[in-house]
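# Sequence and predicted structure are below.
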Amino acid sequence: MILPHLDAAYNLARWLTGHDQDAQDVVQEASLRAFRAFDGFYGENGRAWLLTIVRNTAYNLLQKNKSLRQTTPFDEELHGNAGASECATPLSLLRGAEDEQNLRAAVEALPDEFREALVLRHQDGLSYREIALIAGVPTGTVMSRLARARARLKDFLAKGNREEEAS
Amino acid sequence: MVTFKQPKAFRAVDSALSEWLSSLVRWLPILRQKAHNLLRNSAMNNCEQTRQWLDAYLDNELDPVNTLKIEQHLLACAACLQAYEEQRALGQVTRAVPRYPAPAGLRERILSALRAESDPLTSIHSC
């Protein structure tokens, strides 16, 4: 139940905590919690269940170590750079993604709730329903988080391209 | 000389008809404008709705009826088709974000933690 999803669990924990050691601790703690709670699990989706525990454990750790990594809640006015995406073309987006570091930085710059939706959707191929189950929000919220995460990613890459062209 | 005199009822129908026709002529441009606005708004709604559902469409999360609606709209609207191409490229970008593979030692670390959890005495002896 736990080991087949170890990669997905570590990947989610790593994206949420931002640190390898923290992510390993989170996965170990989540595995133990899952093991203890296994008798009470009657669902069919073991992966979503385990990832829910990983997510909650990661957020508990982040809450405990707030000084470790300050996260700012997303504010449309503060963080939104409206208009940047208007200059984005499919080709420029793909060019901006060629740099792996740049792409990682773009995802890391996203607010936690947007980043987790993006990682679960694109890296683990989870459905909106499964992501909603893991994040404990309605499916519509998942849809809007994904749309906003993608818009922010597009802005980030478009901005990077413009700066590169200017220099 | 015999003069034909219309019955009173005929005259009433005739005058009502001509009144209705003249009011129709008067209202026709307004009705035309209203129909035009309605069509324009419905096209705008289609664009708005298409943009709103584009992500779900690309993620295969839409039901067949709305999938078909989006596809029909994309065939007719160049601006939405361009937005679709951008979103598709962005999808390629997000799929290219590298994963973090689990470190080699993590599996063993978890297995021994689980062993210790299931049998605390074993873990004491093995220490």
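Thanks, I have the structure now. All of these numbers come straight from a predicted model, not from anything done at the bench.
# tell me which element A:I53 falls in.
helix A:46-64 (DSSP states H and E).
# Show me how far that helix is from its chain's centre.
12 Å (Cα atoms, centre = their mean, to the nearest Å).
# and what of stretch B:110-121?
52 Å.
# Repeat that for stretch B:100-110.
43 Å.
# Quick one: neighbours of the residue of chain B found nearest chain A, just the number.
Using Cβ to the nearest Cβ, the single residue of chain B nearest to chain A is B:A89, 3.4 Å away. Any C-beta I mention is one placed from the backbone N, CA and C, and that applies to glycine too. When neighbours are counted by other Cβ atoms under 10 Å in any protein chain shown, B:A89 registers 20.
# With B:T67 instead?
Neighbours around B:T67, by other Cβ under 10 Å: 15.
# got the CA positions of the strand or helix carrying B:A89 in PDB?
Applying DSSP H and E as the criterion places B:A89 in helix B:78-95. Provided in PDB are the C-alpha atoms of helix B:78-95 (Å, rounded to 0.1, in the frame of the first residue of the first chain):
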ATOM      1  CA  ALA B  78      -9.700  32.200 -34.200                       C
ATOM      2  CA  ALA B  79      -9.100  34.100 -30.900                       C
ATOM      3  CA  CYS B  80     -10.200  31.100 -28.800                       C
ATOM      4  CA  LEU B  81      -8.200  28.700 -31.000                       C
ATOM      5  CA  GLN B  82      -5.100  30.800 -30.300                       C
ATOM      6  CA  ALA B  83      -5.800  30.700 -26.600                       C
ATOM      7  CA  TYR B  84      -6.200  26.900 -26.900                       C
ATOM      8  CA  GLU B  85      -2.800  26.600 -28.600                       C
ATOM      9  CA  GLU B  86      -1.200  28.700 -25.800                       C
ATOM     10  CA  GLN B  87      -2.800  26.500 -23.100                       C
ATOM     11  CA  ARG B  88      -1.700  23.300 -24.900                       C
ATOM     12  CA  ALA B  89       1.900  24.600 -25.000                       C
ATOM     13  CA  LEU B  90       1.700  25.500 -21.400                       C
ATOM     14  CA  GLY B  91       0.400  21.900 -20.700                       C
ATOM     15  CA  GLN B  92       3.600  20.600 -22.400                       C
ATOM     16  CA  VAL B  93       5.700  23.000 -20.200                       C
ATOM     17  CA  THR B  94       4.000  21.900 -17.000                       C
ATOM     18  CA  ARG B  95       4.500  18.200 -17.900                       C
END
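# Pull the contacting residues for residue 21.
Defaulting to chain A. A:Q21 makes no contacts at all, as judged by Cβ atoms under 8 Å, 6 or more residues apart in numbering or on different chains.
# Now do it against B:P98, distance only.
19 Å (Cβ to Cβ, to the nearest Å).
# do A:A158 as well
When A:A158 is compared with B:P98 (using Cβ to Cβ), they lie 21 Å apart.
# Which one's more surrounded, the two?
Set A:A158 next to B:P98 and count neighbours by other Cβ under 10 Å: A:A158 wins out with 21 against 12.
# Chain neighbours aside, what residue packs nearest to B:I110?
A:S31 (4.9 Å; Cβ to Cβ, 6 or more residues apart in numbering or on different chains).
# Per-residue pLDDT of that neighbour, please?
A:S31 carries a pLDDT value of 91.
# Contact partners for it?
A:2, A:9, B:110, B:113-114.
# pretty sure A:E108 is touching A:R115, no?
Yes: counting by Cβ atoms under 8 Å, A:E108 touches A:R115, with 7.4 Å between them.
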